[in-house]
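**Student:** Quick one, what's the 3D model for this:
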Amino acid sequence: MSNYIVSYDLNGPKPSHAEMDKHLESSGYAYGRVLETVWYIGTSSDIESVYNYIDQILSSNDRLLVVKATEAIWRNLLLNEESLQGAWQQNQ
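**Tutor:** Residues are numbered from 1 along each chain as shown. As a prediction, this is how the structure comes out:
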């Protein structure tokens, strides 16, 4: 299992932020929004698969960053920090 940090900028009418939320929620990945357009993803999928899944909904004007992460320190996230800590440890 791996931990990924995903960030995106939506630069057009489609997809909306609500559509992005639903797309990520239907991924089957362990996930959580940690900042406004930054998500935690925990999965056994490789980085290219995570990127391709998210990229399929984006327009050509949108931006996307997927980072495989091995360490992190955080505070005051949108996601419950205890649940993120548990997911992070499970996916290492």
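**Student:** Closest to the centroid, which residue in this structure?
**Tutor:** By CA atoms, centre = their mean, the mean C-alpha position of the chain lies nearest to Trp39, the distance being 3.3 Å.
**Student:** Spatially, what comes nearest to Asp21 if we skip its sequence neighbours?
**Tutor:** Arg33 (7.6 Å; CB to CB, 6 or more residues apart in numbering). Placement of C-beta: from N, CA and C, glycine included.
**Student:** coming back round to it: and the residue nearest to the centre of the chain, that one's in a helix?
**Tutor:** No - counting by DSSP: H, G, I helix; E, B strand; the rest coil, Trp39 is not part of a helix but strand.
**Student:** That one: what's it in contact with?
**Tutor:** Ile5, Val6, Ser7, Leu24, Tyr31, Gly32, Arg33 (CB atoms under 8 Å, 6 or more residues apart in numbering).
**Student:** Show residues contacting whatever helix or strand the last one lives in.
**Tutor:** Of the helices and strands defined by DSSP states H and E, Arg33 is found in strand 30-35. Defining contact as CB under 8 Å, 6+ apart, one finds that strand 30-35 is touched by 5, 7, 21, 24-25, 39-43, 74, 77-80, 83-84, 87, 90-91.
**Student:** Low-confidence stretches in this protein?
**Tutor:** Within the chain, the segments meeting pLDDT under 70 span 80-81, 92.
**Student:** where's stretch 19-26 relative to the chain centroid, distance-wise?
**Tutor:** Computed by CA atoms, centre = their mean, to the nearest Å, the chain-centroid distance of stretch 19-26 equals 10 Å.
**Student:** Same check on stretch 46-60?
**Tutor:** 11 Å.
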